[in-house]
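1. Here is the input, now give the coordinates:
(chains A, B and C)
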Amino acid sequence: MDQSRISATPPVLGKPLKRAFFARSVHEVAPDLIGATLLVDGVGGVIVEVEAYHHTDPAAHSFRGPTPRNLVMFGPPGFAYVYRSYGIHWCVNFVCEKEGSASAVLIRALEPTHGIAAMRRRRGQQDARALCSGPGKLTEALGITGKHNGLPLDAPPIALHARATKPDIVAGVRIGITKAVELPWRYGLKGSKFLSKAF
DNA sequence: CCATGGATTGTCT
DNA sequence: GACAATCCATGGG
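-> Have a look, this model is predicted:
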């Protein structure tokens, strides 16, 4: 069976995730997000890869304290922290724990399920496996930009839906960082063909 | 398949 | 002034 093929009819969505879902340790929330569905204006898919960043972690943007860029990370949980990467791409995080904890989960890859035509248009890309297989790719596919920084995760245009059952999850070291490179805080859906990189 | 380098700009030193 | 939580095209094995 061709696993890169995407079904024409989107799967039924689970119940909406409330803001309180994020008011826990980032190390609990990150693996719990695998299998959940992220939509922006109805376009998106199933989260298959994330990374956890904690304020005590030298690789986290919040490690050295609040700045104009990372201010949302120091706010309450359940909000989107969006930043520009390498001057070119946008990346989206979900703020966790409690106000001032400054921890967040970076969303790194989705399996596209909703609004695939719109994603292909935005990405100029036909291959379903390349639409959302990276943090910069998925923001482009979903139309996420700096305008979404600070928006709540449980109100339009953003929606999150719970997974039906707990999937098999794999963990590994994070990608593209130079500090605390050994921490195994990257989580993925086992066997997924839509990861940014194999575990 | 893997390795390398350019693009491009906000942010912090 | 350096560098970054990346992506893509290109070139070699």
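2. all strands for chain A, in order.
-> Assigned strands in chain A, in chain order: A:37-40, A:43-53, A:80-85, A:89-96, A:103-114, A:158-161, A:169-172, A:186-189 (criterion: DSSP state E).
3. Mean neighbour count added to those strands, as CSV?
-> (C-beta placed from N, C-alpha, C; glycine too.) Listed next are the strands of chain A as CSV, based on neighbours: other C-beta atoms under 10 Å:
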stretch, mean neighbour count
strand A:37-40, 23
strand A:43-53, 26
strand A:80-85, 18
strand A:89-96, 24
strand A:103-114, 26
strand A:158-161, 20
strand A:169-172, 15
strand A:186-189, 24
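4. what's the closest of these to residue A:10?
-> Ranking the strands of chain A by their distance to residue A:10 (criterion: C-beta to C-beta) puts strand A:103-114 first, at 4.8 Å.
5. With DNA strand B as the reference, measure out to the spatially most central residue of chain A.
-> Centroid check for chain A by C-alpha atoms, centre = their mean gives residue A:107 as the closest residue, at 1.8 Å. According to C-beta to the nearest atom of the strand, to the nearest Å, residue A:107 and DNA strand B sit 19 Å apart.
6. Alongside DNA strand C, which residues does chain A contribute?
-> By C-beta under 7 Å from any atom of the strand, the part of chain A that sits against DNA strand C consists of A:51, A:53, A:59-62, A:73, A:81, A:85-89, A:91, A:93, A:104, A:106, A:123, A:125, A:130, A:134-137, A:174-178, A:196.
7. Can you tell me which of those residues are buried?
-> The neighbour count (16 or more other C-beta atoms under 10 Å) marks A:51, A:53, A:59-62, A:73, A:81, A:91, A:93, A:104, A:106, A:123, A:125, A:130, A:134-137, A:174, A:176, A:196 as buried among the residues of chain A next to DNA strand C.
8. Tell me the spacing between the residue nearest to residue A:168 when sequence neighbours are not counted and residue A:171.
-> Excluding its sequence neighbours, the residue lying closest to residue A:168 (C-beta to C-beta, 6 or more residues apart in numbering) is residue A:190, at 3.9 Å. Residue A:190 sits 10 Å away from residue A:171, taking C-beta to C-beta, to the nearest Å as the criterion.
9. Likewise for residue A:14?
-> Distance of residue A:14 to residue A:171, given as C-beta to C-beta: 23 Å.
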